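Engineer: Build the 3D model from these lines:
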Amino acid sequence: MPSLTDPTFAGAVVYVLDHSDTGTLGVVLGRPSEVGIGDVLPGWSELAVEPEVFHVGGPCETDTALCLATRRGDGPLPADSGLRQVAGRVHLVDLDSEPDLLDGDVEGLRVFAGYAGWSPGQLAAELAEGAWACVTATPPTCWRPRPVRSCGVRCCAARGAGSRCCPRRRWTPRRTDPIAACPLVRARRNW
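Structural biologist: Model (predicted):
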């Protein structure tokens with residue numbers, strides 16, 4: 001089975017935030033740093049899930065902060081809410097907005113330093129060669145400190161009702177664009 005040569009992504013779980021003809025952008029999950037959110041962004045740590053630290057989102061622009069939150073409801077949002085929907089209840093948060101305005105609207109958030117980026121077609125090629133497994137994400141996946149175990153293999157989210165996470169069973173999405181079909185990808189190296 002092919003594996004990634006970049007150690008940055010060895011065993012990584014990536015939540016894909018955007019995929020278009022200009023490339024793909026995501027954040028690596030489950031890599032906490034030692035920098036407290038409150039030390040850099042006062043007010044935001046009260047809304048964060050534990051640990052209340054920045055997470056290393058990837059090797060690109062590590063001085064840039066991205067914030068993901070799980071929204072409580074699913075009704076329409078005002079234009080100035082500070083939230084932009086990514087998928088389902090997962091939203092990007094405008095860190096220039098006031099954190100108090102979101103209190104009660106979000107179940108939890110996580111702040112990432114940096115992100116993972118791929119040029120057009122790069123991630124699709126890595127998926128085609130089997131370097132990543134693609135699974136459907138659920139909001140709690142973003143906040144889980146470590147991937148869950150299923151079939152004795154680390155994985156990060158269920159692949160659908162009745163499915164199992166097992167390396168012996170190759171799973172491919174039913175849509176033609178595998179990245180658009182599954183917002184969560186996991187490096188196969190070190191499984």
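
Engineer: quick one: the helices in the protein?
Structural biologist: 37-40, 122-128, 139-143, 178-181 (DSSP state H).

Engineer: Can you give me the domain assignment for the chain?
Structural biologist: 7-25+121-187, 26-117 (automatic domain parsing).

Engineer: so can I have CSV of these showing mean pLDDT and mean neighbour count?
Structural biologist: All C-beta spots, glycine's among them, are computed from the backbone N, C-alpha and C. Formatted as CSV, the domains of the chain follow (pLDDT from 0 to 100; neighbours: other Cβ atoms under 10 Å):
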stretch, mean pLDDT, mean neighbour count
domain 7-25+121-187, 60, 16
domain 26-117, 91, 17
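
Engineer: so what's Ser45 up against?
Structural biologist: Ser45 makes contact with 36-38, 52 under the criterion Cβ atoms under 8 Å, 6 or more residues apart in numbering.

Engineer: Just the strands from this structure, written as ranges.
Structural biologist: 13-20, 23-29, 32-36, 53-56, 60-71, 83-87, 90-93, 106-118, 132-135, 148-150, 153-155, 184-187 (DSSP state E).

Engineer: Now distance to Glu126 too, for the ones you listed, in JSON lines please.
Structural biologist: What follows is these, written out as JSON lines (distance: least, Cβ to Cβ, whole Å):
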{"stretch": "strand 13-20", "distance to Glu126": "11"}
{"stretch": "strand 23-29", "distance to Glu126": "10"}
{"stretch": "strand 32-36", "distance to Glu126": "25"}
{"stretch": "strand 53-56", "distance to Glu126": "20"}
{"stretch": "strand 60-71", "distance to Glu126": "16"}
{"stretch": "strand 83-87", "distance to Glu126": "21"}
{"stretch": "strand 90-93", "distance to Glu126": "23"}
{"stretch": "strand 106-118", "distance to Glu126": "8"}
{"stretch": "strand 132-135", "distance to Glu126": "6"}
{"stretch": "strand 148-150", "distance to Glu126": "23"}
{"stretch": "strand 153-155", "distance to Glu126": "18"}
{"stretch": "strand 184-187", "distance to Glu126": "9"}
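
Engineer: Quick check: the gap between Thr70 and Val93.
Structural biologist: 10 Å (Cβ to Cβ, to the nearest Å).

Engineer: Which neighbours do the two have in common?
Structural biologist: 106, 109.

Engineer: rewinding a little: quick one: which of the strands of the chain is nearest Leu47?
Structural biologist: With Cβ to Cβ, the closest approach to Leu47 among these belongs to strand 106-118: 5.1 Å.
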